[in-house]
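> need the 3D shape of this:
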Amino acid sequence: MYAIIKNGGKQYKVAEGDILDLDKLSLEPKATVELDVIAINDGELKTGADVADSKVTAEVIVEGRDKKVIIYKKRRRKDRKLKRGFRRSFTKVKITSIAA
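This next block holds a predicted model:
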């Protein structure tokens, strides 16, 4: 059985026991969170009104920041350069249960 959840404008395919990095949720470790369900597959795919009462529960493991991503833009022969860095904040969660 798997579910498709939505968080931060992105969709994730999850099964029970999966660990994934979501956008920062500002929660303490060991806290539980319910995630928005888009679809569930338990032999047949259910979407829309069929998943209105479905729940995906996750437990917060840790919050942190990713490795730095360097953004470098350059216009050749114009002596124009731009260098910026970006670190994404994330919340690492473990999927504890999927209730259809």
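
> packing partners for the helix or strand harbouring residue 83?
Using DSSP states H and E, residue 83 sits in strand 80-86. Secondary-structure packing of strand 80-86 (3 or more CB pairs under 8 Å, 6 or more residues apart in numbering; DSSP states H and E): strand 69-75. Heads up, the C-betas are built off the backbone N, CA and C, glycines and all.

> hmm, back to that, how far does the strand holding residue 83 sit from the chain's center?
Mean-position distance between strand 80-86 and its chain equals 27 Å (CA atoms, centre = their mean, to the nearest Å).

> what residues sit buried inside stretch 33-42?
Buried residues in stretch 33-42, counting neighbours by 16 or more other CB atoms under 10 Å, are found at 33, 35, 37-41.

> er, stretch 23-34 I mean
Residues of stretch 23-34 classed as buried: 25, 33 (neighbour count, 16+ other CB under 10 Å).

> what does stretch 90-98 give?
For stretch 90-98, by 16+ other CB under 10 Å, it's 90-91, 93, 95, 98.
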